[in-house]
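Visitor: Sequence and computational prediction follow.
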Amino acid sequence: MTEYSFESNSSCIVMSSKDNVATLLRNVKQGESISIIVAGISRTILMKEDVKFGHKVAIEPILNGEYIVKYGESIGAANQLIEPGEHVHIHNLEGIRGRGDNHFEKEVGNLWHSSKAIVDQTEK
């Protein structure tokens, strides 16, 4: 298991090199720079808006429809372009787990219904 650490004066935390968001450890203001460390590489992100403690901020561009990854796991998909330094929350993130209406689930369902229709027709 990889050990993660951060300095006590850190503004945010990134838990996985797969993450495209950081979780804030304090309130940050528009125009402020925050430092992140991903896979041992330090970077600086310029905040594009005020974001509160505990919320997520994009650390790289996230395209419309692209998965938003936190703690190495997908937590949803962007419903618009999200630039580094922008707040990531319900206004630009769409939950995709267990909804039953997302594209993948529709395609799997359509394949199942098509297969069932073919079987039903051959049984007549």
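Guide: Cool, the structure landed.

Visitor: in this structure, which spans are helices?
Guide: For the chain, the helices defined by DSSP state H cover 103-122.

Visitor: helices and strands of it: which one bottoms out on pLDDT?
Guide: Across the helices and strands of the chain, mean confidence by mean pLDDT, DSSP states H and E is lowest for helix 103-122: a mean of 48.

Visitor: The residue nearest to Y67 when sequence neighbours are not counted: neighbour count?
Guide: Spatial nearest neighbour of Y67, chain neighbours left out: S74 (4.3 Å); criterion: C-beta to C-beta, 6 or more residues apart in numbering. C-beta: built from backbone N, CA, C; applies to glycine. Around S74 there are 13 other residues, counting by other C-beta atoms under 10 Å.

Visitor: Give me the distance between S74 and E66.
Guide: Distance from S74 to E66, counting by C-beta to C-beta, to the nearest Å: 10 Å.

Visitor: is the most centrally placed residue in the chain in a bridge, and if so with what?
Guide: Nearest to the mean C-alpha position of the chain, counting by C-alpha atoms, centre = their mean, stands I68 at 1.5 Å. Beta-bridge pairing of I68 under DSSP bridges involves G76.

Visitor: how about it, what does it touch?
Guide: 20-21, 56, 62, 74-78, 82, 88, 93 (C-beta atoms under 8 Å, 6 or more residues apart in numbering).

Visitor: try H91
Guide: Listed by C-beta under 8 Å, 6+ apart, H91 has no contact partners.

Visitor: Can you get me the start-to-end distance on stretch 15-27?
Guide: Using C-alpha to C-alpha, to the nearest Å, the end-to-end distance of stretch 15-27 comes to 19 Å.

Visitor: G40 versus the spatially closest residue to H89 that is not a sequence neighbour, what's the distance?
Guide: With sequence-adjacent residues excluded and distances taken as C-beta to C-beta, 6+ apart, H89 is closest to H55, at 6.2 Å. Distance, H55 to G40, by C-beta to C-beta: 25 Å.
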